[in-house]
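S.K.: Fold the following.
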Amino acid sequence: MALPPETRASLLLRIQDPEDVEAWNEFQGLYRPLVYRLGRSRGLQDADAHELAQDVMIAVAGAIDRWEPDQQRSKFRTWLYRVARNTLINQLAKQNRRDRATGDTDVQRLLLQVTARDDGQTLELQQELRRQTFLWAAAQARRSYKPATWEAFWQTCVEGRAIAEVANQLEMTPGAVYVCRSRVMAKLRQLVEQVTSE
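M.R.: Alright, predicted model coming up:
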């Protein structure tokens, strides 16, 4: 599986300006769900995973002005994963201190799992970033098309349904379904390149 492209440098520069609300909205639209799912995959409950995502966004806001792109060292997504991982460890350690009096060992077990599974987690974060980028681009693109055009694309490309079946359901010709798919895929490519280009 190909790795997702690195976050574009212009967005990373723009989020260094706390007044650039549009950049922060775009950044959070891409990364907040990613960090939330990372927390959930580590056993956090819904509220705790939301807290983790919020804490990571705050940590990024506080440290992004010190982030300097360096191809020789690490990429932004690796740095973000480390911020998320450290925030998760801190969150679990805090919870462990609160739960220690009850004798609860589940939090300690989670803490040990998080620290033991660092290798390979960057790949997981990259896959989640790729998924989130697609979901963001799909939400943006969907607004540009009539419902039938979007459904022709979604049902055939995402759900994997047969062209003829979808054409029949949407009362289109198979050729029209191919055209719809092509147009939507071109728009998605454009949006993904816009978000991920350096």
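S.K.: how's this protein carved up into domains?
M.R.: 1-135, 144-198 (automatic domain parsing).
S.K.: ranking those by mean pLDDT, which is last?
M.R.: Lowest mean pLDDT within these: domain 1-135, a mean of 71.
S.K.: possible to save the domains of the chain as TSV with mean neighbour count?
M.R.: (Glycine included, C-beta is placed from N, CA and C.) Formatted as TSV, the domains of the chain follow (neighbours: other CB atoms under 10 Å):
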stretch	mean neighbour count
domain 1-135	16
domain 144-198	16
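S.K.: List the residues that contact residue 187.
M.R.: Going by CB atoms under 8 Å, 6 or more residues apart in numbering, residue 187 touches 141, 144, 145.
S.K.: Any figure for the gap between it and residue 129?
M.R.: As judged by CB to CB, to the nearest Å, residue 187 and residue 129 stand 20 Å apart.
S.K.: for residue 159, same thing?
M.R.: Using CB to CB, we find residue 159 at a distance of 23 Å from residue 129.
S.K.: the helices in the protein, which residues?
M.R.: Secondary structure of the chain (DSSP state H): helices at 9-14, 21-41, 46-63, 76-99, 106-116, 121-142, 147-153, 163-170, 174-196.
S.K.: send the alpha carbons of the third one over as CSV?
M.R.: What follows is the C-alpha trace of helix 46-63 in CSV, where atoms were taken according to Å, rounded to 0.1, in the frame of the first residue of the first chain:
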residue,chain,number,x,y,z
ASP,A,46,-15.5,8.2,23.4
ALA,A,47,-15.2,11.2,25.8
ASP,A,48,-11.5,10.3,26.5
ALA,A,49,-10.7,10.0,22.8
HIS,A,50,-12.3,13.4,22.2
GLU,A,51,-10.3,14.8,25.1
LEU,A,52,-7.1,13.3,23.6
ALA,A,53,-7.9,14.9,20.2
GLN,A,54,-8.5,18.3,21.9
ASP,A,55,-5.3,18.0,23.9
VAL,A,56,-3.3,17.1,20.8
MET,A,57,-4.7,20.1,18.9
ILE,A,58,-3.7,22.4,21.8
ALA,A,59,-0.2,20.8,21.9
VAL,A,60,0.2,21.3,18.1
ALA,A,61,-1.0,24.9,18.4
GLY,A,62,1.6,25.5,21.1
ALA,A,63,4.5,23.9,19.3
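S.K.: So which residues make contact with that helix?
M.R.: Residues from elsewhere that reach helix 46-63, judged by CB under 8 Å, 6+ apart: 15, 18, 24, 27-28, 31-33, 35-40, 44, 80, 83-84, 87-88, 91, 95.
S.K.: This completes my enquiry, with thanks.
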